[in-house]
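Student: 3D, please:
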Amino acid sequence: MDSSGQAEASPASPTQPAGALRVHPLADRPGWQAAGEINLLTRSAWEETLHHLALSDEEACHLELSAITFVDVAGVSALAVTAQGLAEGRRIVLEEPPATLRRVLNMFWPDLPTVEVMAR
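Tutor: The predicted structure follows:
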């Protein structure tokens, strides 16, 4: 992340490659908004975002994911590992995650108490 909180792997420009991941801090609640793809090419930016989220002292950190167009299993795994490492009483609130992310979480981590999914 750079000093503005944006993932360095995704500079904001009109020539941004397809499949890039853009991550910005949320303005109205603790957490991050992510857009694009979570895959092998963007994994380091995703994991860096999760690392920053884990370091937060907020009880609930939000990940607004409505603009995520693809997430691979390793990206979901990184999320689950981060959630498993949270201190007692903390949680990650996933806002409008892609269906594939929800399915993979339910398949491999069905009872992960530190993840709350908010979907339409």
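
Student: Distance check, the nearest residue to A74 once chain neighbours are set aside against H62.
Tutor: Leaving aside its chain neighbours, A74 sits nearest to R43 (6.4 Å; criterion: CB to CB, 6 or more residues apart in numbering). Placement of C-beta: from N, CA and C, glycine included. The gap separating R43 from H62 is 21 Å, by CB to CB, to the nearest Å.

Student: quick one on the thing from earlier: and the residue nearest to A74, how many neighbours?
Tutor: As a burial measure, R43 scores 16 neighbours (other CB atoms under 10 Å).

Student: show me where this structure has helices.
Tutor: With DSSP state H as the criterion, the chain has helices at 43-55, 73-84, 99-108.

Student: Mind giving me the packing neighbours of the shortest one?
Tutor: Contacts defined by 3 or more CB pairs under 8 Å, 6 or more residues apart in numbering; DSSP states H and E place helix 99-108 against strand 60-71, helix 73-84, strand 115-118.

Student: From the rest of the structure, what touches the first one?
Tutor: The one in question is strand 60-71. Strand 60-71 is contacted from outside by 19, 26, 29-39, 53, 79, 90-98, 100-101, 104, 116, using CB atoms under 8 Å, 6 or more residues apart in numbering.

Student: and what of the shortest one?
Tutor: Residues from elsewhere that reach strand 115-118 (CB under 8 Å, 6+ apart): 60, 79-80, 83, 91-97, 102, 105, 109.

Student: Skipping its backbone neighbours, what lies nearest the residue nearest to the spatial centre of the chain in space?
Tutor: Nearest to the centroid of the C-alpha atoms of the chain, with distances taken as CA atoms, centre = their mean, sits L63, at 5.2 Å. Spatial nearest neighbour of L63, excluding adjacent residues (CB to CB, 6+ apart): L94 at 5.3 Å.
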